[in-house]
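Undergrad: got a sequence here, can you build the structure:
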Amino acid sequence: MDLTKIYRIEILEGYDEKYINQLLKNGWVLIDTGRQAFPEHDVRFVIGATKNIYKKYNLDNAKADEKPIF
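TA: Residues are numbered from 1 along each chain as shown. Below is the predicted model:
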């Protein structure tokens with residue numbers, strides 16, 4: 001993907017994998033991964049979307065799609 005077309009990015013921690021996976025399934029792309037300085041948040045993911053993809057599906061949608069455990 002041409003990174004100049006990226007409209008919005010999200011930086012998420014490794015424990016947010018359910019949101020990361022939902023965003024990737026809906027057209028977002030992985031831009032970067034890296035390690036954090038603190039062990040409790042040791043992996044971060046930078047993902048991005050074009051304007052069209054962001055308007056169709058974003059982090060708010062991913063959180064709303066989350067099914068309750070109970």
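
Undergrad: ok, the most centrally placed residue in the chain - contacts?
TA: By CA atoms, centre = their mean, the chain has its centre lying nearest to Ile20, at 4.1 Å. Neighbouring residues of Ile20 by CB atoms under 8 Å, 6 or more residues apart in numbering: 12, 45, 47. Where you see a C-beta, it was placed from the backbone N, CA and C, and this is true even at glycine.

Undergrad: likewise for Ile11?
TA: 44-46.

Undergrad: shaky segments in the protein?
TA: 1, 36-41, 67-70 (pLDDT under 70).

Undergrad: show me where it has strands.
TA: 8-13, 29-35, 43-49 (DSSP state E).

Undergrad: what residues does the second one touch?
TA: Taking CB under 8 Å, 6+ apart as the criterion, the residues outside strand 29-35 that touch it are 1, 3, 6, 9, 24, 42-49.

Undergrad: buried stuff in it?
TA: Applying a neighbour-count criterion of 16 or more other CB atoms under 10 Å, one finds Val29 buried in strand 29-35.

Undergrad: go on, stretch 8-28?
TA: For stretch 8-28, by 16+ other CB under 10 Å, it's 10, 12, 16, 19-20, 22-23, 26, 28.

Undergrad: could those residues go into a markdown table alongside distance to Ile53?
TA: Shown next, in a markdown table, are the buried residues of stretch 8-28 (distance: CB to CB, whole Å):
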| residue | distance to Ile53 |
| --- | --- |
| Glu10 | 12 |
| Leu12 | 16 |
| Asp16 | 18 |
| Tyr19 | 15 |
| Ile20 | 15 |
| Gln22 | 13 |
| Leu23 | 9 |
| Asn26 | 7 |
| Trp28 | 6 |
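
Undergrad: tell me who's in contact with Tyr57.
TA: Tyr57 makes contact with 22-23, 26-28, 49 under the criterion CB under 8 Å, 6+ apart.

Undergrad: circling back to that earlier point, what two of the contacts of strand 29-35 have the greatest distance between them?
TA: Met1 and Asp42 (26.4 Å; CB to CB).
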